[in-house]
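In: Predicted structure and sequence below. I'll ask about it afterward.
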Amino acid sequence: MSSNNQSRHDRAELALADERCFLVGAEIPGRYQAGEEPLSELAELIDTAGGAVVGTLTQKIDRPTTRYYLGKGKFYDLVDAAIAAQAETIVVDDDITPAQLSTIEEAARMKVIDRSEVILDIFRHRARSLPAQLQVELAQLQYELPRLARKWTHLERVSGGIGTGVGSSRGGGEAQIEVDRRLVRKRIARLRQELTVINERRNREVEARARVFKVCLVGYTNAGKSSLQNRLTGGEEAFVENRLFATLDTLTRQMTFVNAKSRSSIALLSDTVGFIRRLPHHLVASFHATLAEAAQADLLLIVLDSADPRALMQTQAVRETLADIGMAERESLYVFNKIDLPRDEATLARLRENLTPAVEVSAQTGAGIDALRELIYRRVIARQNRVTLRFSSGDGRRLALINQFGADPQIAYDGDEIVAEVTLAAADLERLKRLPGEMSAD
């Protein structure tokens, strides 16, 4: 089997559709909230990947052990429990080393995968656009590269069994590993080149929208961002599903505002990939370009599921991811979504105390949406200037730009001059000032 075919085969085997999965995790101090079910999020990931959870096991431990992941005694409890549950796959709630994987596989005689592999598999199935597919493949290959050695351990066992000698079998395995590594590195380099071209085009598109106020939805996966975008923009284009990582691609749509004085304005609203705790590093790095849409935003709407008791902890994970991509200081507004669902009042009180400024909404029923739109509109207007411009009546270019980019232009003529009262974004006002010809601005 060629290296590329082998890689596709390995990735295809990660699919958990209809597989019986036994979950295991280390309860490391500080990882989970008091009262939280330690493996609840991993179980949601398995459900999203199409698997069925047939059992769980956790151990309170300071850190995973080098060989067994758990303590030695608990490790054998895991093996016995997984076999008794007739599991087909053991899923570990951490990134595991080749040594840990080998130990668990050999003892349990079943497939073993880790948290990152589950997330990568979900992303692989959810990716629809070419950029998303390339980013997921890049992340997957970067994840697999240091783990390629374990894919070829069967060569030693087979060769040794037929009497060719341990030394020669190991040499053959190592040669194949090096070939595989070179091919994977070559593919990684090619993917990076393709993504660079795509990212440059994306950056040009973002720059072309520089004059428009940009709002970006960020938040924990399944917080309701796509539903909120549909509600705010009056459309049904964004895909919505009650599963983790329902969408991976950035979707940008226009919001239009009209206030009581009939001054109209617009903003661009973008929805991005959802975050999750312990999102694989390579995945964050690969999707950095997609998240760059958020980096260009004038306002972040940090959406959270206010009906989820883990909402505060999830929002901390979102903040950590934003810090990783250099956006910790971006102006933001918290959106407590799903207020139509039953909520724990103590949880809601903690959210109100710790997360400000905030607005409470339901993307499902529309409750609170008008208040959210008004808060966004105030920020749009705050970035604009109501000015009176004077310039030559023969300056058709300036007049055309005022009518194109200005809000509520009031045009009058004073002799051979045009007097235009108009609301403009600061960038557009500067653009008008740089044009040839005299212009005064009051």
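Out: Arrived safely. Residues are numbered from 1 along each chain as shown.
In: By mean pLDDT, flag the weakest helix or strand of the protein.
Out: The weakest-scoring helix or strand in the chain, judged by mean pLDDT, DSSP states H and E, is helix 153-161 (a mean of 37).
In: helices and strands around the very next helix or strand once past that one, which ones?
Out: Using DSSP states H and E, the next helix or strand after helix 153-161 towards the C-terminus is helix 166-208. If contacts are counted by 3 or more CB pairs under 8 Å, 6 or more residues apart in numbering; DSSP states H and E, helix 166-208 sits against helix 3-12, helix 130-144, helix 153-161, helix 288-295. The way it works is simple: take the backbone N, C-alpha and C, and place the C-beta from them, glycine included.
In: Let's see that with 10 Å instead.
Out: helix 3-12, helix 130-144, helix 153-161, helix 281-286, helix 288-295 (3 or more CB pairs under 10 Å, 6 or more residues apart in numbering; DSSP states H and E).
In: doesn't Leu138 make contact with Arg185?
Out: No: using CB atoms under 10 Å, Arg185 is not in contact with Leu138, being 11.9 Å away.
In: out of the two, which sits in the more crowded spot?
Out: Leu138 (22 against 12; other CB atoms under 10 Å).
In: isn't the more buried one right next to Thr196, touching?
Out: No: using CB under 10 Å, Leu138 is not in contact with Thr196; the gap is 11.4 Å.
In: Which pLDDT does the model give the residue most central in space within the chain?
Out: Taking CA atoms, centre = their mean as the criterion, Val273 is the residue nearest the geometric centre of the chain, at 3.1 Å. Per-residue confidence (pLDDT) for Val273: 72.
In: and it, that one's in a strand?
Out: No: under DSSP: H, G, I helix; E, B strand; the rest coil, Val273 sits outside any strand and is assigned coil.
In: That one and Tyr334, how far apart?
Out: According to CB to CB, to the nearest Å, Val273 and Tyr334 sit 19 Å apart.
In: now do Val212
Out: The spacing between Val212 and Tyr334, counted by CB to CB, is 23 Å.
In: If you count surrounding residues, which of these two has more?
Out: Neighbour totals were compared for Val212 and Tyr334, and Tyr334 leads with 22 against 18 (other CB under 10 Å).
In: tell me which element that one is part of?
Out: strand 332-337.
In: could you give me the average pLDDT of that strand?
Out: Across strand 332-337, pLDDT averages out at 96.
In: Please spell out which residues along that strand are buried.
Out: Using 16 or more other CB atoms under 10 Å as the test for burial, strand 332-337 gives 332-337.
In: Counting by contacts, list what whichever helix or strand comes after it packs against.
Out: Per DSSP H and E, the first helix or strand lying C-terminal to strand 332-337 is helix 345-354. Packed against helix 345-354 by the contact rule (3+ CB pairs under 10 Å, 6+ apart) you find helix 311-324, strand 332-337, strand 358-360.
In: Could you measure from Tyr334 over to Ala17?
Out: Using CB to CB, Tyr334 is found at 36 Å from Ala17.
In: What of Thr48?
Out: Thr48 sits 11 Å away from Ala17, going by CB to CB.
In: So for these two, which residue has more residues nearby?
Out: Higher neighbour count among Thr48 and Ala17: Thr48, with 23 against 10, using other CB under 10 Å.
In: Isn't the more buried one up against Ile122?
Out: Yes: Thr48 sits in contact with Ile122 when judged by CB under 10 Å, with a separation of 5.5 Å.
In: number of nearby residues for Leu435?
Out: Around Leu435 there are 12 other residues, counting by other CB under 10 Å.
In: give me the low-pLDDT residue ranges for the stretch 101-250 of the chain?
Out: Within the stretch 101-250 of the chain, the ranges that satisfy pLDDT under 70 run 149-174, 206-211, 235-249.
In: ok, Glu19 touching Gln86?
Out: No: taking contacts as CB under 10 Å, Glu19 lies outside contact range of Gln86: 11.3 Å.
In: intersection of neighbour lists for the two?
Out: Common contacts of Glu19 and Gln86 (CB atoms under 10 Å, 6 or more residues apart in numbering): Val54.
In: neighbour-wise, which of those two wins?
Out: Per other CB under 10 Å, whichever of Glu19 and Gln86 has more neighbours is Glu19, with 18 against 11.
In: Make sure Gly51 is actually in contact with Ile90.
Out: No: the pair Gly51 / Ile90 is not scored as a contact, 11.5 Å apart, by CB under 10 Å.
In: between these two, which one's more packed in?
Out: Shown here are Gly51 and Ile90; by other CB under 10 Å, Ile90 has more neighbours (26 against 23).
In: Just give the nearest non-adjacent residue to the more buried one, would you?
Out: Excluding the flanking residues, the one nearest Ile90 by CB to CB, 6 or more residues apart in numbering is Val112, at 4.7 Å.
In: quick one: pLDDT of the residue nearest to Ser332 when sequence neighbours are not counted?
Out: Closest residue in space to Ser332, ignoring its immediate chain neighbours: Leu300 at 4.1 Å, by CB to CB, 6+ apart. In this model, Leu300 is scored at 93, pLDDT.
In: ok, and for stretch 177-190, which residues are buried?
Out: Buried residues in stretch 177-190, counted by 16+ other CB under 10 Å: 177, 180, 183-184, 187.
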